[in-house]
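A.B. asks: sequence first, predicted model second:
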Amino acid sequence: MLATATSREVSIDEVGNPISSSEYEELLIRLTQKGYLNDPELNDDGLPIEVDDFILSGLTMLNQIKLGVQVK
Amino acid sequence: MTNNLTEARCIPPSEEYLNNKRSYFQKILHEFANYVSIDKSRIKVDNKLLDDVIVRLHQRLNYYLFFHGKNLEQSRQAAIYAYWILRYRPLRVLVWDKAYDVNIYFAFYTLFAVALFQTLSSCPKEYQVDIVMNIRKEYESDFLRSFNEYDISKESMMMISDSIKSIFKAEIKRIQS
């Protein structure tokens, strides 16, 4: 079922909209509310916090730091 | 037992789950494009290959939960994610002036971003710029070259992810002392 490099059906998407600063704030609040600081493995439903939130938060933070470097 | 095993391995993610993941990926990609200073419209995503990455990670999480009775920690999830990004290479840039394939940078920054978020969030802001600059200067090119040249297993990728996190912790400790 998984595609291979030779038999794939290619579908192309443009990159979507950026995360806004309010969305980023919401994301951080959500991670905190889910109890990440108390237990990094579980959210309040007892389900794993998926890695996407961490990747997005980390990349957003990197971009903020990059801006700091440019200002510096 | 056999039936449970089969079920644990074969539960496919729903179409809704895949749609959510695809949509969320676009936000991640936007931040990545910003960071590597590339016009976002120049990065093309092969959705079929992206689905394969999502499905593989989903399978691994199920597998780990079933056999180990707990969830895979986020930096290790990032390692599995990066591993499948390197295998399937869902991103393409038509004209790319950097040293390696765009997927190699994406895989590396996935690990880097998660390690950074897990360790640097609690670090005073005045140190953050220097810590990131120091780590990038010292280690980034070696990791990128390794991702390009070596056939890295999932387990090795998890060790690399742990190592990046340890590097952050050590640098934070060093710069604060």
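C.D. replies: Cool, the structure landed.
A.B. asks: give the buried residues for the helix of greatest length in chain A.
C.D. replies: Determined from DSSP state H, the single longest helix within chain A is helix A:51-71. Within helix A:51-71, the residues that count as buried by 16 or more other Cβ atoms under 10 Å in any protein chain shown are A:51-63, A:65-66, A:68. C-beta here means a position set from N, CA and C on the backbone, and glycine is covered the same way.
A.B. asks: okay, who's weakest in these by pLDDT?
C.D. replies: Among those, residue A:68 has the lowest pLDDT, at 73.
A.B. asks: so what's the residue lying closest to it once chain neighbours are set aside scoring on pLDDT?
C.D. replies: Closest residue to residue A:68 apart from its sequence neighbours, by Cβ to Cβ, 6 or more residues apart in numbering or on different chains: residue B:129 at 4.6 Å. pLDDT recorded at residue B:129 is 88.
A.B. asks: before we move on, what about residue B:117?
C.D. replies: We have a pLDDT of 89 for residue B:117.
A.B. asks: follow-up on the earlier one: the residue nearest to residue A:68 in helix, strand or coil?
C.D. replies: helix (DSSP: H, G, I helix; E, B strand; the rest coil).
A.B. asks: burial count for residue B:87?
C.D. replies: 17 (other Cβ atoms under 10 Å in any protein chain shown).
A.B. asks: I should have written residue A:22 there, sorry.
C.D. replies: 8.
A.B. asks: how much space between it and residue B:116?
C.D. replies: 22 Å (Cβ to Cβ, to the nearest Å).
A.B. asks: and if you look at residue B:29?
C.D. replies: Distance from residue B:29 to residue B:116, by Cβ to Cβ: 18 Å.
A.B. asks: still on that earlier bit, looking at the buried residues of helix A:51-71, which is nearest chain B?
C.D. replies: Distance to chain B, by Cβ to the nearest Cβ, is smallest for residue A:58 among the buried residues of helix A:51-71, at 2.7 Å.
A.B. asks: for that closest one, which residues are in contact?
C.D. replies: In this structure, residue A:58 makes contact with B:112-117, judged by Cβ atoms under 8 Å, 6 or more residues apart in numbering or on different chains.
A.B. asks: excluding its backbone neighbours, what's nearest it?
C.D. replies: residue B:113 (2.7 Å).
A.B. asks: pLDDT at residue 32, what is it?
C.D. replies: This is for chain A. 60.
A.B. asks: wait, chain B
C.D. replies: Note for residue B:32: predicted pLDDT of 94.
A.B. asks: that'll do, ta.
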